[in-house]
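Novice: next one to model:
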Amino acid sequence: MKFPSSSSLLAATALGLLTLSPLSGGQAVNFGGLNVTPRGPQNLNLETGVTELPQGGTATDSKGGLKLVAGAMTLNPGKILTAQNAVLTTKQGGTLRATQVIYDLKSSTVTATGSVTYNDARFKNLSAPRVILNVGSAFVTALGGVKADVPALSGAALVFDLNTMQAVLTGPYTAKQGTLNASADAAGRLLLVFGGNQVVRSSTSPDAATLGRFTPYLH
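Specialist: Residues are numbered from 1 along each chain as shown. As a prediction, this is how the structure comes out:
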């Protein structure tokens, strides 16, 4: 890393901003538990501790199993990572794309907004105004009106568990795939059980215990 001169440091201190040159060889830096490889310069605010990466880069959370590639990033170490034009991949093989992603490191949640799409072995072209990934529990919530091409569905919200093959779609909803052809009003709840990339079982009346696993993520 190229360090600024003492005169540059004095000027930067007066402005509260320090620009660091890009690291050579794509070397990663640890920001509060995230390993970040900048694509360009790093602008460090000396007063707040916030670092801006105007050309983006790659952030990896090895504990949470997440990898984020973005066109621009702002990092408040140990607190929040904000990314624009982002692509996030999970250890379970899911890919989330969004105009903006906010990773709250304290609550271990990733919130994606703006042209959000999600794809994995089960869902193709799943979209919603807002998608929240709970990193610790591996539950994903799509809110505000959700649609998907495969399985063909629409609903008010969709919650699915990355570690199992189950999902719950809330009404008003419609869902079609193979022999599945279900719809309901706003009170409806549809349990989907996947086998590979197909829905192998569904229930329009999930039991209370099953719904109980998903209900906390519907808010």
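Novice: now the helices for the protein?
Specialist: Ranges of helices within the chain are 6-15, 208-214, based on DSSP state H.
Novice: worst mean pLDDT among those?
Specialist: Ranked by mean pLDDT, the helices of the chain bottom out at helix 6-15, with a mean of 41.
Novice: okay, and the helix or strand of this protein with the least pLDDT?
Specialist: Ranked by mean pLDDT, DSSP states H and E, the helix or strand of the chain with the weakest confidence is helix 6-15, at a mean of 41.
Novice: low-confidence regions, this protein specifically.
Specialist: 1-26 (pLDDT under 70).
Novice: can you pull up the most central residue in this protein?
Specialist: Val110 (4.4 Å; C-alpha atoms, centre = their mean).
Novice: which residues does the closest residue to it other than its chain neighbours form a beta bridge with?
Specialist: Among residues not flanking Val110 along the chain, Leu133 sits closest, at 4.2 Å (C-beta to C-beta, 6 or more residues apart in numbering). (Glycine included, C-beta is placed from N, CA and C.) Per DSSP bridges, residues listed as beta-bridge partners of Leu133: Val110, Val140.
Novice: ok, Lys176 - contacts?
Specialist: 151-153, 182 (C-beta atoms under 8 Å, 6 or more residues apart in numbering).
Novice: name the member of those residues with the most neighbours.
Specialist: Leu153 (24 neighbours; other C-beta atoms under 10 Å).
Novice: what is it paired to in the beta sheet?
Specialist: With DSSP bridges as the rule, Leu153 is bridged to Ala148, Ala175.
Novice: what of the one 4 residues further on?
Specialist: When bridges are assigned using DSSP bridges, the partners listed for Ala157 are Leu143, Thr170.
Novice: mind listing what it touches?
Specialist: Counting by C-beta under 8 Å, 6+ apart, the residues that Ala157 touches are 128, 141-144, 146, 169-170, 218.
Novice: which one of these is nearest to Gly33?
Specialist: Thr141 (23.1 Å; C-beta to C-beta).
Novice: just checking, that closest one touches Leu218?
Specialist: Yes. Counting by C-beta atoms under 8 Å, Leu218 is a contact partner of Thr141 at 6.8 Å.
Novice: with that, I have no additional questions.
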